[in-house]
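Chemist: generate a structure from the sequence data that follows.
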Amino acid sequence: MQARPAPISADDYLRMEERNPRKSEYVNGEIYGMSGANRRHNVICTNMLRHAANASVGRPGCQAFGPDMKLRIAGANCFYYPDLSVTCDPTDNHEAYLVRPCFIAEVLSPSTARIDRREKRGHYLTLRSLRDYAMIDQNRMRIELCRREGGGWREYLLDQPEDVLESSCLDLRLTLAQIYDGVEPPGYFVKEATAAYEAFEPSYY
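Modeler: Numbering: from 1, shown residues only. Modelled structure (predicted):
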């Protein structure tokens with residue numbers, strides 16, 4: 001039986017990532033390489049980052065970051081690269097990663113949807129600073145939003161062009177039409193990967 005490789009420390013991962021031309025995520029001692037994104041994914045990410053960056057202007061301590069900024073979740077011993085992360089904490093200023101985001105968005109693809117919905121969502125929602133987590137479908141006009149309300153999390157499903165995605169920490173309000181601007185109409189690409197996505201039912205927990 002082949003011995004399992006020894007876990008990699010978080011510090012070693014960070015040193016390796018500085019030299020690695022390709023991004024990798026880190027989960028409890030193991031490193032997972034990231035694949036490139038397609039056109040739709042990139043258009044949605046660009047739209048989200050542009051609007052979030054504009055909304056952060058004039059708000060002290062608020063900054064929006066795209067998919068090249070790491071997020072560290074110390075309690076789960078992991079580092080991820082969210083597609084969009086926003087912090088409004090001026091002390092959240094490490095050069096390599098964020099630790100106290102208030103808004104996170106991931107653009108789902110068939111290969112990442114289950115991880116974004118399960119593993120990452122479970123880890124993200126442990127962050128006390130987080131107010132909203134949006135999971136944005138790249139293959140159809142559909143967003144699953146987890147929002148902190150009261151003592152728990154409420155889930156919302158947005159799937160109409162006039163539906164509004166809000167970020168309470170940034171005072172950001174975007175219609176789905178704005179988020180999907182420049183992406184092929186949903187009727188064109190919805191058939192590509194619908195079967196790869198799990199059913200989603202809004203709930204409160």
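
Chemist: which parts of the protein are strands?
Modeler: Taking DSSP state E as the test, the strands found in the chain are 24-27, 30-33, 63-65, 70-73, 78-80, 84-87, 97-98, 103-108, 132-137, 143-149, 152-158, 164-167, 172-175.

Chemist: would you list those in TSV and tack on mean neighbour count and mean pLDDT?
Modeler: For the C-beta atoms, the positions are set from N, CA and C on the backbone; glycine is no exception. Converted to TSV, the strands of the chain look like this (neighbours: other C-beta atoms under 10 Å; pLDDT from 0 to 100):
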stretch	mean neighbour count	mean pLDDT
strand 24-27	18	94
strand 30-33	13	92
strand 63-65	21	97
strand 70-73	21	98
strand 78-80	23	97
strand 84-87	27	98
strand 97-98	21	98
strand 103-108	26	97
strand 132-137	24	97
strand 143-149	19	96
strand 152-158	15	96
strand 164-167	20	94
strand 172-175	17	96
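
Chemist: which one of the ones you listed lies closest to residue 40?
Modeler: Each of these has some distance to residue 40 by C-beta to C-beta; the shortest is strand 103-108, at 8.3 Å.

Chemist: residues contacting residue 174?
Modeler: If you count contacts by C-beta atoms under 8 Å, 6 or more residues apart in numbering, residue 174 has them with 48, 51, 164, 165, 166.

Chemist: is it bridged to anything, and to what?
Modeler: With DSSP bridges as the criterion, residue 174 is bridged to residue 165.

Chemist: separation between it and residue 124?
Modeler: 20 Å (C-beta to C-beta, to the nearest Å).

Chemist: for the protein, longest helix please?
Modeler: helix 39-56 (DSSP state H).

Chemist: just checking, what packs against it?
Modeler: strand 63-65, strand 84-87, strand 103-108, strand 172-175, helix 176-179 (3 or more C-beta pairs under 8 Å, 6 or more residues apart in numbering; DSSP states H and E).

Chemist: list the buried residues for it?
Modeler: 40-45, 47-49, 51-53, 55-56 (16 or more other C-beta atoms under 10 Å).

Chemist: quick one: end-to-end distance for stretch 88-96.
Modeler: Its first and final residues considered, stretch 88-96 spans 17 Å by C-alpha to C-alpha, to the nearest Å.

Chemist: er, stretch 139-153 I mean
Modeler: First-to-last residue span, stretch 139-153, C-alpha to C-alpha: 26 Å.

Chemist: and that stretch, how far from the chain's centre?
Modeler: Distance of stretch 139-153 from its chain centroid, counting by C-alpha atoms, centre = their mean, to the nearest Å, is 12 Å.

Chemist: before we move on, what about stretch 173-187?
Modeler: Using C-alpha atoms, centre = their mean, the offset of stretch 173-187 from its chain centre is 17 Å.
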